[in-house]
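Engineer: what's the 3D shape of this:
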Amino acid sequence: MKLAPMRFKGVEWHHNPREIAFSCEKRVNELHAPYGTAYVQNTGRRNMVIRGEGELYGADCTQQFERLYALFQSGGSGVLALPELGAMYAVFEELKLLGTPKEDVLTYGFVFREVMELATVDRVRRYIAAAGETLWDVSYRFDIVIDRLVALNPWVKRPDADVGGREVALC
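Structural biologist: Numbers count the residues shown, from 1 in each chain. Predicted coordinates:
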C-alpha cells in the first residue's frame, strides 16, 4: 500500500518520516473537598503535539533539508496532512538535524503543534477549494471524515491531489 505523503502548507516530504508520535492530553483538575473527598474536573483537550524522525535521501538531501528549513522559518500555521491519519491545522514548532551526516543521507527530527482554534465547522453543502487545497485540507476544515469526502467526490483520484478551484461536495 502506498501512503499519501506528509504535507505542510502545500510542501510535500520526499520521503515520509520513519517515525511519527502523537501526544494528546486533557486538562484535568483534581479538586479536594473536606473529609477526604475529591472531584475531578475535565476542562478540555490540549493541542496535540506531533513528533517524528526521518531521513532525507539522495544527492540533493541537503537541498531537501534546506527546503524544510525554509518552511520552518516561514512561520505561521497551516494544514498538516499526515499519512493515514488525516489533516489538522498546526504550527511547525521544531526542526533539527540529528546524528552525523552520511553521504547522501541526512537524519532529521521535527515537532508540530496542533492549532485547534483555527478549525472551523461551517454548515454548507458544497465548497470551492482554494488553490493548493486537497481533500485532506477540506476534510479538516469542515470536520468531515476523509473516507466520506472521498466517497462524495469520486472524481478525485487521490485525497492528497490538488483540488483547487474545483467544487467539492461536503454532504
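
Engineer: Just list the residues touching residue 24, thanks.
Structural biologist: 45-46, 48 (Cβ atoms under 8 Å, 6 or more residues apart in numbering). Where you see a C-beta, it was placed from the backbone N, CA and C, and this is true even at glycine.

Engineer: And the residues you listed, which is closest to residue 91?
Structural biologist: Among these, residue 48 lies closest to residue 91 (Cβ to Cβ), at 11.5 Å.

Engineer: Neighbours of the closest residue to the closest one other than its chain neighbours, how many?
Structural biologist: Computed as Cβ to Cβ, 6 or more residues apart in numbering, the closest residue to residue 48 that is not its neighbour in sequence is residue 114, at 4.1 Å. Burial of residue 114 is recorded as 21 neighbouring residues (other Cβ atoms under 10 Å).

Engineer: returning to what we had before: just the buried members of the contacts of residue 24?
Structural biologist: By neighbour count, with 16 or more other Cβ atoms under 10 Å, those hold residue 48 as buried.

Engineer: Using a markdown table, lay out the contacts of residue 24 together with secondary structure and pLDDT.
Structural biologist: Below are the contacts of residue 24 laid out as a markdown table (DSSP: H, G, I helix; E, B strand; the rest coil; pLDDT from 0 to 100):
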| residue | secondary structure | pLDDT |
| --- | --- | --- |
| 45 | strand | 81 |
| 46 | coil | 85 |
| 48 | coil | 89 |
